[in-house]
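Peer 1: No letters, just coordinates:
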């Protein structure tokens, strides 16, 4: 009989994966892509480096997920600002730029990583 994961086990694995991505995002924001090693991410998440590979097949796959989520969050915020704001298009755009700049300044390391830091293809 084949082993099937229980819903509780799926929930636990999903929570562990979410925690891993959150910690990887923090490591990237603090150290940049080049220094965000699997070992550094694993240490931040409180797991072994080998455990990272239970959730992602490679460091690159983890980096893609960090980038996808972090940039997606910024796009969501900017989209809300641009579409839900009052005023004409120029006023909404100016407000969007101000919000984007404020958020970038609040998390400079992450903003740099998303926008300009060298990274593996």
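Peer 2: Thanks, I have it. Quick caveat, the model's predicted, so the values are computed rather than measured. Numbering: from 1, shown residues only.
Peer 1: now the helices for the chain?
Peer 2: 7-31, 38-45, 49-55, 59-84, 89-106, 108-115 (DSSP state H).
Peer 1: And for residue 20, the neighbour number?
Peer 2: 24 (other CB atoms under 10 Å). Every residue, glycine included, has its C-beta placed from N, CA and C.
Peer 1: quick one, what contacts it?
Peer 2: 41, 45, 47, 52, 55-56, 62 (CB atoms under 8 Å, 6 or more residues apart in numbering).
Peer 1: List only those of the residues you listed flagged as buried.
Peer 2: Using 16 or more other CB atoms under 10 Å as the burial test, the contacts of residue 20 include 41, 45, 47, 52, 55-56, 62 as buried.
Peer 1: Could you export those residues to TSV, including columns for pLDDT and distance to residue 6?
Peer 2: What follows is the buried ones among the contacts of residue 20, written out as TSV (pLDDT from 0 to 100; distance: CB to CB, whole Å):
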residue	pLDDT	distance to residue 6
41	97	27
45	96	23
47	95	21
52	96	23
55	95	18
56	96	22
62	96	26
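Peer 1: Which of the residues you listed sits closest to residue 12?
Peer 2: Using CB to CB, residue 55 is the member of the buried ones among the contacts of residue 20 that lies nearest residue 12, at 11.9 Å.
Peer 1: Now do the contacts for the residue nearest to residue 17 when sequence neighbours are not counted.
Peer 2: Nearest residue to residue 17, sequence neighbours excluded (CB to CB, 6 or more residues apart in numbering): residue 55, at 4.6 Å. When contacts are counted by CB under 8 Å, 6+ apart, residue 55 touches 13, 16-17, 20, 62.
Peer 1: Over to residue 81?
Peer 2: By CB under 8 Å, 6+ apart, the neighbours of residue 81 are 92, 95-96, 99.
Peer 1: okay, those in CSV with distance to residue 121 next?
Peer 2: Putting those into CSV (distance: CB to CB, whole Å) gives the following:
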residue, distance to residue 121
92, 35
95, 35
96, 30
99, 30
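Peer 1: With respect to residue 9, which of those is nearest?
Peer 2: residue 99 (40.0 Å).
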